[in-house]
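mind folding the following:
(one chain, ligands or ions: 1)
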Amino acid sequence: MKLRSTETFWPLKNAMKNSYPSINSDINTEILIIGGGITGALIAYKLINEGKKIVLVDRRDVCNGSTAASTALLQYEIDISLHELIKIRGLECAVDSYRNGKKAIFDLRNIIDTIKSDCKFEFRKSIYFTSLKKDIPFLKNEFECRKQHGFDVNWLEKWDLQKLGLNAVAAIESKTAAVMDPYKLAHDLLEYCQKKGMQILDRTNIISIQNLRDKSIAQTENKFTIFADHIIHCSGYESTETLAEKVVDLKSTFVITSESLPVLPTAFKNAVFWDTSSPYLYFRSTSDNRIIMGGGDEEFKDPIKRDKLLPKKEQYLLKQFHKKFPKIDFKLDYSWAGTFGETQDGLPYFGKPDPKKNEHYVLGFGGNGITFSVIGMNSILDSINDVKNQDLEYYKFGR
Ligand SMILES: Cc1cc2nc3c(=O)[nH]c(=O)nc-3n(C[C@H](O)[C@H](O)[C@H](O)COP(=O)(O)OP(=O)(O)OC[C@H]3O[C@@H](n4cnc5c(N)ncnc54)[C@H](O)[C@@H]3O)c2cc1C
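Residues are numbered from 1 along each chain as shown. Next comes the predicted model:
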């Protein structure tokens, strides 16, 4: 699967940070992690600190799948609003999922501080706005629901948004959100884990897995074998290649990035933005005063068709930007397209699809993929040790 078009911003900004050797002999290990993006890196971080012997492989250069395409807005608000999620998954699961997301942002901050990653993590407010009067009752409903369950939200009227230079009629302001450079953080985490003894092999493609009673045996494309007590699939959207259950609808999404602005508009210093349209538009700034905007999703995943659409999508997103923020001069610098996926209930999938096999998955799909991966970190040990865990129940396969 071609996960993204060329020229995403983060790898260009960081150049190729680290490169690792490919496999050249058979290996015996406790844990094999398949996938060296942000999810694999976070899971590795958790397990290496537990003293596990780990080998991590990636079929590409590490961090060059979806992680390189991510816009990395970190929000506890997921793609499905809280009041709707309550209807779909029940009160406890919905509220806990929103709380989990909030905690994940702080957990990530602690990890970044511990490994001293210069990934430009910054806390932001999140402004969930509408430009359509007809969406105000929906937004108000969501506001009341979040307030009722203890989330830190304010209601913003049209004139509050005008002060921010945003052309919209109402919004929910949440105090907890953040931004960062996901490519840099994933690289820094992998480097940290390597220093603690993890073996990293890139350009190493796993093509089949066989399960014996206590061992899983992974075969690489170039005919080496990795024997592991447990395999953890952190293979992102490409996990659809190995999963029997259809857990995600894959589609295409588009991103544009501006030139560095001489001065960052005040609104973008403090907040990230997203709206109630479907597919939704979202906006953030970077540490070098750029604005990143995403949206324009299409319901297909064909990468050739997707990448061909990029020039049209650039124009569409630019037009939308100028409608929403008419006073900001957005000069286009980079654009890219990526494969994206959403689950039916907007929540991730963690754990073992088949209880008889020692194969675990951590799949943080949707617009909150990164915070979901942080939540996944917190249940991976229980999945390995077969210990009951509430998150493994909420986000299990076959639900
Ligand atoms: C355009 C875009 C914008 C996004 N914006 C946000 C956002 O604002 N906030 C947010 O939280 N999330 C966002 N996401 C989602 C988020 O980026 C993803 O959830 C996250 O990057 C997934 O990371 P990952 O490590 O699971 O997957 P990946 O980064 O794709 O890593 C998986 C790795 O597994 C490897 N792999 C797969 N199969 C095999 C195999 N058989 N053998 C060896 N290696 C294999 C791949 O090469 C790949 O490197 C966005 C995604 C896109 C595309």
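
C-alpha from now on. contacts and neighbour counts both.
OK.

quick one, what contacts K196?
By CA atoms under 8 Å, 6 or more residues apart in numbering, the contact list for K196 reads I48.

next one: it from R399, what distance?
Taking CA to CA, to the nearest Å as the measure, K196 falls 37 Å from R399.

can you say which helix or strand has K319 in it?
helix 310-324 (DSSP states H and E).

quick check: what element follows the host helix or strand of F340 along the chain?
In this structure, F340 sits in strand 332-342 according to DSSP H and E. Using DSSP H and E, the helix or strand that follows strand 332-342 in sequence is strand 349-351.

returning to that earlier point: so the helix holding K319 versus strand 332-342, what angle?
100 degrees (axes from the mean of the first three to the mean of the last three CA atoms, to 10 degrees).

who are the packing partners of helix 310-324?
strand 249-258, strand 291-298, strand 332-342 (3 or more CA pairs under 8 Å, 6 or more residues apart in numbering; DSSP states H and E).

from the rest of the structure, what touches the shortest one?
Taking contacts as CA under 8 Å, 6+ apart, the residues outside strand 291-298 that touch it are 71, 251-260, 279-286, 313, 316-317, 321, 330.

quick revisit: do the strand holding F340 and the ligand meet at all?
Yes. Against the ligand, strand 332-342 shows contacts by CA under 6 Å from any ligand atom at 338-340.

ok so, going back, residues of the helix holding K319 that come out buried?
Neighbour counts over helix 310-324 (16 or more other CA atoms under 10 Å) mark 310, 313-314, 317-318, 320-321, 324 as buried.

the ligand next: which of the contacts of strand 291-298 are close?
Checking the contacts of strand 291-298 against the ligand by CA under 6 Å from any ligand atom, the ones in range are 71, 253-254.

of those residues, closest to the ligand?
T71 (4.1 Å; CA to the nearest ligand atom).

which ones are touching the closest one?
182, 255, 292, 294.

filter those residues to the buried ones?
182, 255, 292, 294.

where along the protein do the helices fall?
Using DSSP state H, the helices assigned to the chain run over residues 9-14, 38-48, 82-89, 91-115, 136-148, 158-163, 182-195, 266-270, 303-308, 310-324, 369-385, 390-394.

how far off centre is the helix holding K319?
Relative to the centre of its chain, helix 310-324 is centred 23 Å away, using CA atoms, centre = their mean, to the nearest Å.

compute the inter-axis angle for that helix and strand 291-298.
120 degrees.

related to what we said a few turns ago, neighbour-wise, which of the residues of strand 332-342 next to the ligand leads?
Ranked by neighbour count (other CA atoms under 10 Å), the residues of strand 332-342 next to the ligand have F340 at the top, with 28 neighbours.

tell me the contacts of it?
Residues near F340 by CA under 8 Å, 6+ apart: 237, 250-253, 365-366.

list the beta-bridge partners for it.
Going by DSSP bridges, F340 is paired in beta bridges with K251.

before we move on, what about W155?
I172.

quick one: contacts for it?
143, 170-173.

before we move on, the earlier item: so the helix holding K319 versus strand 249-258, what angle?
Using the same axes, to 10 degrees: helix 310-324 against strand 249-258 is 70 degrees.

break the chain down into its domains, please.
If you go by automatic domain parsing, the domain ranges for the chain are 9-69+183-247+346-394, 81-93+121-179+251-342.

hang on, the earlier thing: let me have the helices and strands packed on helix 310-324 in a markdown table, extended by mean pLDDT.
Below are the helices and strands packed on helix 310-324 laid out as a markdown table (pLDDT from 0 to 100):
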| stretch | mean pLDDT |
| --- | --- |
| strand 249-258 | 95 |
| strand 291-298 | 96 |
| strand 332-342 | 92 |
